[in-house]
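Colleague: Just the structure for this:
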Amino acid sequence: ISPAYSALELVNSANSLSVSDVPPLIRLKVISETFSESEKIFATPGAISRSVVANSGSHEMTISAEGSANLDGSTGGLMYRFVVLSGSGVTITEDTLRTGRVKIEFTPGSSTERTDIGIFARKSGGAYYSVPGIVSLYTR
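Modeller: As a prediction, this is how the structure comes out:
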């Protein structure tokens, strides 16, 4: 099976980047959540994971990507995208006062499912988005 991308084009694109083109590094932080200690799997600056029992009711999590940084360490002037990559029963509400902060509400269904949310950062006016941070919920 061939990948869905051209390795040569990918390498050439990476080689053509200047230092100013390098996208920011995503850094995630859990601000608050309604998950119990037994439902928490891990939380790192790049990925957060939780596991719940099916039909266990809604859970909420407030996530911040405000610590994401450019190559020079600066954190200002970044734009963010929060995207449901897979799964269902997710509502993402952006904080209108704090760019890079969202409330995510998970409503697990009755079947086993994995839900993934990608968090991307980009310099204002930049051409490229960062590698995504991931928030995953596994419904068991």
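Colleague: lowest confidence element among the helices and strands of this structure?
Modeller: helix 7-15 (a mean of 89; mean pLDDT, DSSP states H and E).
Colleague: For Tyr5, see how far away the residue minimising distance to the centre of the chain is.
Modeller: Centroid-nearest residue in the chain, with CA atoms, centre = their mean: Ile119, separated by 2.6 Å. In this view, Ile119 and Tyr5 are 22 Å apart by CB to CB, to the nearest Å. Backbone N, C-alpha and C define where each C-beta goes, glycine included.
Colleague: Which residues are in contact with the residue lying closest to Ala65 once chain neighbours are set aside?
Modeller: Excluding the flanking residues, the one nearest Ala65 by CB to CB, 6 or more residues apart in numbering is Gly100, at 4.4 Å. By CB atoms under 8 Å, 6 or more residues apart in numbering, the contact set of Gly100 is Ser64, Ala65, Glu66, Ser68, Leu78, Tyr80, Ala121.
Colleague: With Tyr138 instead?
Modeller: Counted by CB under 8 Å, 6+ apart, Tyr138 has contacts Ile41, Ser49, Arg50, Ser51, Val52, Glu113, Arg114, Thr115.
Colleague: I appreciate the help and will end here.
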